[in-house]
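> Fold the stuff below for me.
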Amino acid sequence: MKSAPAFLRTIFLAVLLGGVFAAPAAHAVAGALAGTRHRVIVSTDIGGTDFDDFQSLVHVLLYADVLDLEGLLSSPYGPGRKEHILQVLAHYERDYPNLRTYSDRYPSPAALRAISIQGETEIAPYAGVRRATAGSEWIIRCARRDDPRPLHVLIWGGLEDLAQALHDAPDILPKLRVHFIGGPNKKWSPDAYHYLATQHPSLWFIESNSTYRGWFVGGYQQGDFAAGAFAEKRAAGRGALGEFFAHGIHFEGQKRTSLKMGDTPTFSWLLRGNPELPFQPGWGGRYVRAWTRPYVRFPRLTTAADQMEHFGILELVLPLGPGAPAAPAAAMVIENQRLVGHVDGQGSIRFRFCPKDAKVYRYTIAGNIPALEGGRGEITVVAPAPAAALTPDPRWPNWWTDDPSPEAAEGPHQGARTVSVWREEFLRDFAARLERCRTPAGGPAPPR
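Residues are numbered from 1 along each chain as shown. Got it, this is the predicted structure:
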């Protein structure tokens, strides 16, 4: 039971935000598993900088009978490509005969291949957009279909295709419902993100920078449902998809043996919960109206005394100074990123960076600009205060983000408990779906 101060704080938030902050319900009952069919595009960096997208795509395919899947877009930073989507579809094809015995609404492998599209493979430039891609054009095409339902765009990787689609066809904005796994992905798309936040602030957008971590952190972690045990105990031997999930996922010499599935909350959000009401509980978490989207700009190299908000955008606008070459070029080297600067034509070079951790970051400027070469700086990154949710910014009327209240956190991960609280329920349901891969409907009970 909540303490009195925590309870009063919840009531205060509910009143202040006009009922937006809702107490958790006993059970999330709405959604695709209750019969609501959603239109869905998945934009994934599968095969790119991480490999949990393979697990998440297996999950999507096992529930493909309860929604209308309209696109599987490869939109990575790094080496991921459409071929990695097709790799998972090859396993789906082997399990398709069994899956069809449970529902004739499972899409055919051919139909899924037909909606698998290669999107942007490069990080957006400073403007946030570059050129139309097959991925951005597919989003536009789907959004313009004569269908009264909104189009849910689940972003597991880069924002580039989405930003380009809205740049080229701003008329589609009211049709979109975007759920973005930010955090590490946001740090690779700072310019595309900044473009969306500044040029399309009325976009319906969930920015999940840490809530998604509740899929694999916290919650019920007993027996077969522990993160390290689920794949072997509940997926291995369950058809081609289950075996792939347990033993077949490899990335840069590593093998995925534990359950992560950090992108899955965007999808489970549609399975159980009401996606039109992000403040209500559901398998994909619960969110609060966004406060002013954090952005700081400095006309100099920063020091540790300078602060910014976790997952915000830092922009450095550094004068080129005397002796700059005719073609100035420089990069901001920070951790595992080398951020290419934008020469603005006004005597400065600009860098944008998005930090994914609350800590002190150190960086170096490297290039051919004498006044900046070897320059060093620091920036102190802090987590948003719980009170941030008390001041939703009307400039972003449909933007939602992680609940910063302590009650919603799993350790340092704000909002993650609003997902992890459902862990046993959604994993049991997923395990039952995996069983469909090896045992047709009406067949003998699977071995335990």
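> how about R177, phi and psi?
phi -130, psi 100 (degrees, to the nearest 10).
> Quick check: bridge partners of it?
For R177, the beta-bridge partners are H152 (DSSP bridges).
> OK, contacts around it?
By C-beta atoms under 8 Å, 6 or more residues apart in numbering, R177 lies in contact with 150-153, 204, 275. Placement of C-beta: from N, CA and C, glycine included.
> what would those residues look like in JSON lines with distance to V178 and pLDDT?
Shown next, in JSON lines, are the contacts of R177 (distance: C-beta to C-beta, whole Å; pLDDT from 0 to 100):
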{"residue": "P150", "distance to V178": "10", "pLDDT": "98"}
{"residue": "L151", "distance to V178": "9", "pLDDT": "98"}
{"residue": "H152", "distance to V178": "8", "pLDDT": "98"}
{"residue": "V153", "distance to V178": "5", "pLDDT": "98"}
{"residue": "W204", "distance to V178": "6", "pLDDT": "98"}
{"residue": "P275", "distance to V178": "11", "pLDDT": "90"}
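> nearest to P299, of those?
Taking C-beta to C-beta as the measure, P299 lies nearest W204 of the contacts of R177, at 34.5 Å.
> Can you show me the helices along the stretch 51-200 of the chain?
For the stretch 51-200 of the chain, the helices defined by DSSP state H, counting those that start in this stretch cover 52-62, 82-100, 109-114, 134-143, 160-168, 184-188, 190-199.
> Buried ones in the second one, by neighbour count?
Buried residues in helix 82-100, counting neighbours by 16 or more other C-beta atoms under 10 Å, are found at 82, 84-85, 87-89, 91-93, 95-96, 98-100.
> That helix packs against which elements?
Applying 3 or more C-beta pairs under 8 Å, 6 or more residues apart in numbering; DSSP states H and E, one finds that helix 82-100 contacts helix 52-62, strand 68-74, helix 109-114, strand 116-118, helix 239-243, helix 423-436.
> so which of those gets nearest G223?
helix 423-436 (10.2 Å).
> In CSV, list the C-alpha atoms belonging to the closest one.
The C-alpha trace of helix 423-436 is given here as CSV (Å, rounded to 0.1, in the frame of the first residue of the first chain):
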residue,chain,number,x,y,z
ARG,A,423,5.9,-9.3,-16.4
GLU,A,424,4.5,-12.7,-15.3
GLU,A,425,1.3,-12.0,-17.2
PHE,A,426,2.8,-11.0,-20.6
LEU,A,427,5.5,-13.7,-20.5
ARG,A,428,3.0,-16.5,-19.7
ASP,A,429,1.0,-15.3,-22.7
PHE,A,430,4.1,-15.2,-24.9
ALA,A,431,5.1,-18.7,-23.7
ALA,A,432,1.7,-19.9,-24.8
ARG,A,433,2.1,-18.4,-28.2
LEU,A,434,5.5,-20.0,-28.6
GLU,A,435,3.9,-23.4,-28.0
ARG,A,436,1.7,-22.8,-31.1
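> now that helix: how far from the chain's centre is it?
Mean-position distance between helix 423-436 and its chain equals 22 Å (C-alpha atoms, centre = their mean, to the nearest Å).
> quick check: angle from it to helix 82-100?
Here the directions of helix 423-436 and helix 82-100 differ by 80 degrees (axes from the mean of the first three to the mean of the last three C-alpha atoms, to 10 degrees).
> outside of helix 423-436, which residues touch it?
33, 59, 62-63, 95, 98-99, 102, 214-215, 218-221, 224-225, 230, 234-235, 238-239, 241-242, 245, 268, 271-272, 283, 446.
> list the buried ones in stretch 114-122?
In terms of neighbour count (16+ other C-beta under 10 Å), stretch 114-122 has its buried residues at 115-121.
> quick check, nearest of the residues you listed to V333?
Lowest distance from V333 to those (C-beta to C-beta) belongs to T121, with 22.4 Å.
> What values do phi and psi take at the closest one?
phi -120, psi 0.
> That one: what's its closest spatial neighbour, skipping adjacent residues?
By the measure of C-beta to C-beta, 6 or more residues apart in numbering, the closest residue to T121 outside its immediate chain neighbours is P76, 6.4 Å from it.
> from memory the one you found sits against G158, does it?
Yes: judged on C-beta atoms under 8 Å, P76 makes contact with G158 at a distance of 6.3 Å.
> Pick out whichever of those two has more residues nearby.
When neighbours are counted by other C-beta atoms under 10 Å, G158 comes out ahead of the other of P76 and G158, with 33 against 30.
> per-domain residue ranges of this protein.
Listed domain ranges for the chain are 18-292+386-436, 296-382 (source: automatic domain parsing).
> In TSV, list those domains along with distance to G442.
Formatted as TSV, those follow (distance: least, C-beta to C-beta, whole Å):
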stretch	distance to G442
domain 18-292+386-436	7
domain 296-382	48
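> Of those domains, which stretch is the most buried?
By mean neighbour count, with neighbours taken as mean count of other C-beta atoms under 10 Å, domain 18-292+386-436 ranks first of the domains of the chain at a mean of 20.
> The residue nearest to T121 and H84, how far apart?
Going from P76 to H84 by C-beta to C-beta, to the nearest Å gives 9 Å.
> joint contacts of those two?
Residues touching both P76 and H84 (C-beta under 8 Å, 6+ apart): 46-47.
> before we move on, back to that, of all the buried residues of helix 82-100, which two lie farthest apart?
Longest span within those, C-beta to C-beta: K82 and N98, 25.8 Å.
> Thought H84 was touching S74, still the case?
Yes: with contacts counted by C-beta under 8 Å, S74 reaches H84, the gap being 7.0 Å.
> Overlap in contacts, these two.
Counting by C-beta under 8 Å, 6+ apart, the shared contacts of S74 and H84 are 46-47.
> nearest spatial neighbour of F353, skipping sequence neighbours?
The shortest distance from F353 to any non-neighbouring residue, by C-beta to C-beta, 6+ apart, is to L314 (4.7 Å).
> Adjacent strands (with direction) for the helix or strand that contains that neighbour?
Per DSSP states H and E: L314 is located in strand 313-319. Strand 313-319 pairs in its sheet with strand 295-298 (parallel), strand 348-353 (antiparallel), by DSSP bridges.
> Surely the residue nearest to F353 is in contact with V296?
Yes: at 5.7 Å, L314 and V296 qualify as touching, with contact defined as C-beta under 8 Å.
> Overlap in contacts, those two.
Common contacts of L314 and V296, defined by C-beta under 8 Å, 6+ apart, comprise M308.
> coming back round to it: tell me the helices and strands packed up against the helix or strand following the strand holding L314.
The helix or strand immediately downstream of strand 313-319 is strand 330-334, counting by DSSP H and E. Counting contacts by 3+ C-beta pairs under 8 Å, 6+ apart, strand 330-334 packs against strand 337-340, strand 348-353, strand 360-367.
> dump the residue contacts of the residue lying closest to A371 once chain neighbours are set aside.
Once flanking residues are discounted, A371 sits nearest to G321: 2.6 Å by C-beta to C-beta, 6+ apart. Neighbouring residues of G321 by C-beta under 8 Å, 6+ apart: 369-372.
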